[in-house]
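[1] Predicted model and sequence below, questions to follow.
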Amino acid sequence: MKKASTRTETKGLQEALSKGIFFYLYYVLFVGTCFDTMKILGLMFLITVSVQLQCDRRQIKATIGEELTMACSYDQMYRYNKKYWCRGSSRRTCDVLSDSDNIVKTESKRFRILHYKSRRLFVEIRALRLEDTGVYWVGIEKPYADIMVSVDMEVTEVPVSKPDLWPLAPLAHTCWGRPVTVRCSCTRGSSVGYAWYQHSQRQNTPLLSLAESDLRLDCANVEGDSHFYCRANNTISSQTSSSLSVEVLVVAAVNCSYVIHIQDYPMYQCALPTPTPPVTDGPQSTQMTRSEVMHQTINIIGTDQPIDSSTWMGFSLWYTVLRWTLLAVLMAFLCVTRIVHMK
């Protein structure tokens with residue numbers, strides 16, 4: 001009884017579906033308005049186009065400077081038809097940027113179509129810019145009406161990374177009141193803006209110091225213990241650096257003494273009273289790299305004098321003599337061993 005009931009229900013469902021399709025076609029062909037008919041024809045056209053030309057991307061989100069490749073496949077009957085990549089808000093206003101015949105405009109060499117006559121084509125885009133945001137089309141030339149598929153592309157700024165801080169001269173120069181410039185820089189990001197802030201000791205609200213990447217510290221602007229940080233930002237992101245602290249040892253207009261503490265840099269101390277500063281070739285005009293500064297930063301607790309170079313020279317000479325002596329002993333041993341074996 002249950003099987004018979006199931007068959008009856010299935011048969012009734014099939015009949016209802018057939019009647020629905022019949023009445024729908026009857027309405028479209030004989031009763032429906034011209035607008036309804038156009039909607040059906042447009043839907044059929046879109047389905048046909050999607051079968052004749054398909055791309056793996058219809059929406060692209062990328063950042064400045066990126067390179068990307070879009071793959072498309074098409075029907076075998078259009079194997080020898082010309083393919084192209086164009087830009088425009090509509091099919092009629094599409095400006096061709098590249099095609100399969102390698103006819104490329106001078107200003108659009110960043111776009112290229114790679115056509116392999118195996119139902120596949122690739123669109124390569126290099127060095128993306130903000131102005132590349134817009135509507136693009138992949139097209140196949142065909143009599144009467146080209147086959148075209150739209151692609152929406154949005155190009156944004158590269159998000160900024162956490163900014164790093166490093167001094168442009170050895171930090172130990174602060175022991176003698178010399179100015180030291182600390183640079184703020186990001187390893188990643190486009191159109192990055194920098195600003196330095198100083199934390200107030202009386203209130204938590206940060207005070208704007210200056211809107212640039214370098215912070216100059218000297219006796220004139222270091223009057224007491226303070227904390228600074230740098231902020232990097234662009235139109236889509238913002239990052240804050242680690243804190244930089246300044247400890248003032250001697251307050252003076254000229255011959256002051258202070259210590260700068262930066263995260264991930266060797267700690268140093270200034271001996272009081274501060275000894276005579278080391279002789280330099282000139283003012284702090286040469287910018288040093290981060291590794292050079294870390295190498296020269298003094299890391300001896302209780303003193304900020306550089307290690308005596310004569311000690312290292314004596315050690316180097318002693319090591320050289322020992323090495324050559326061992327080599328001579330080894331060569332003599334090998335010669336004696338060979339003579340013994342020959343006898």
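    Happy to help now that I have it.

[2] buried sites along the top strand by length along the chain?
    When the chain is parsed with DSSP state E, its longest strand is strand 147-156. By neighbour count on 16 or more other CB atoms under 10 Å, the buried set for strand 147-156 is 147, 148, 149, 150, 151, 153, 155, 156. To be clear about C-beta, it is placed using only N, CA and C from the backbone, and glycine gets the same treatment.

[3] Provide the strand pairings for whichever helix or strand comes after it, with the direction of each partner.
    Note on strand 147-156: by DSSP states H and E, the next helix or strand toward the C-terminus is strand 164-167. Strand pairing for strand 164-167, using DSSP bridges, gives strand 180-185 (antiparallel).

[4] Pull the residues that contact the partner strand.
    163-169, 171, 173-174, 194, 196, 213-218, 230, 232, 241, 244, 260, 262, 284, 287 (CB atoms under 8 Å, 6 or more residues apart in numbering).

[5] go on, stretch 71-82?
    Taking CB under 8 Å, 6+ apart as the rule, stretch 71-82 contacts 51-56, 83, 99-101, 117, 119-123, 138, 140-142, 147, 149.

[6] repeat that with 6 Å
    Stretch 71-82 has contacts (CB atoms under 6 Å, 6 or more residues apart in numbering) with 52-56, 100, 117, 119-122, 138, 140-141.

[7] related to what we said a few turns ago, need the buried residues of strand 147-156 in TSV (columns: distance to residue 95 and pLDDT).
    Listed next are the buried residues of strand 147-156 as TSV, based on distance: CB to CB, whole Å; pLDDT from 0 to 100:
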residue	distance to residue 95	pLDDT
147	18	93
148	13	93
149	17	95
150	14	94
151	14	96
153	14	97
155	18	97
156	23	95
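
[8] Tell me where the chain is predicted with low confidence.
    Low-confidence segments of the chain (pLDDT under 70): 1-51, 104-108, 200-210, 272-316, 343.

[9] at 80 what do you get?
    1-51, 102-108, 116-118, 200-211, 223, 271-319, 321, 338, 340-343 (pLDDT under 80).

[10] can you give me the helices in the stretch 151-300 of the chain?
    Applying DSSP state H, counting those that start in this stretch to the stretch 151-300 of the chain gives helices spanning 290-296.

[11] Can you select the buried ones among the contacts of stretch 71-82 for me in PyMOL?
    The PyMOL selection below is limited to those of these classed as buried (16+ other CB under 10 Å):
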select buried, resi 52+53+55+100+121+138+140
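
[12] any idea which of the contacts of stretch 71-82 is closest to residue 322?
    Lowest distance from residue 322 to those (CB to CB) belongs to residue 122, with 64.0 Å.

[13] Identify the residue nearest that closest one in space, chain neighbours excluded?
    With sequence-adjacent residues excluded and distances taken as CB to CB, 6 or more residues apart in numbering, residue 122 is closest to residue 114, at 4.4 Å.

[14] so how far is residue 54 from that neighbour?
    Residue 114 is 17 Å from residue 54, where distance means CB to CB, to the nearest Å.

[15] just residue 196 next, same as before
    From residue 196 to residue 54 the distance is 52 Å (CB to CB).

[16] Counting neighbours, what do you get for the closest residue in space to residue 237 that isn't next to it in sequence?
    Leaving aside its chain neighbours, residue 237 sits nearest to residue 159 (4.0 Å; criterion: CB to CB, 6+ apart). Residues lying near residue 159 (other CB atoms under 10 Å) number 15.

[17] thinking residue 159 is in contact with residue 239, fair?
    No. With contacts counted by CB atoms under 6 Å, residue 159 stays clear of residue 239, the gap being 8.4 Å.

[18] Identify the residues contacting residue 146.
    With CB under 6 Å, 6+ apart, residue 146 has these contacts: residue 139.

[19] again, only using 10 Å
    49, 53, 81, 82, 83, 84, 86, 91, 94, 137, 139, 140 (CB atoms under 10 Å, 6 or more residues apart in numbering).

[20] again with residue 260
    Counted by CB under 10 Å, 6+ apart, residue 260 has contacts 165, 167, 171-174, 180, 182, 217, 222, 228, 244-247, 268.

[21] re earlier: tell me the one among the buried residues of strand 147-156 nearest to residue 68.
    Nearest to residue 68 among the buried residues of strand 147-156, with distances taken as CB to CB, is residue 153, at 9.1 Å.

[22] how much space between that closest one and residue 130?
    According to CB to CB, residue 153 stands 11 Å off from residue 130.

[23] what are the phi and psi angles of residue 118?
    When read as degrees, to the nearest 10, the backbone of residue 118 gives phi -140, psi 40.

[24] Please report the distance of it from residue 56.
    From residue 118 over to residue 56 the distance is 16 Å, taken as CB to CB.

[25] Thanks again, I'm all set now.
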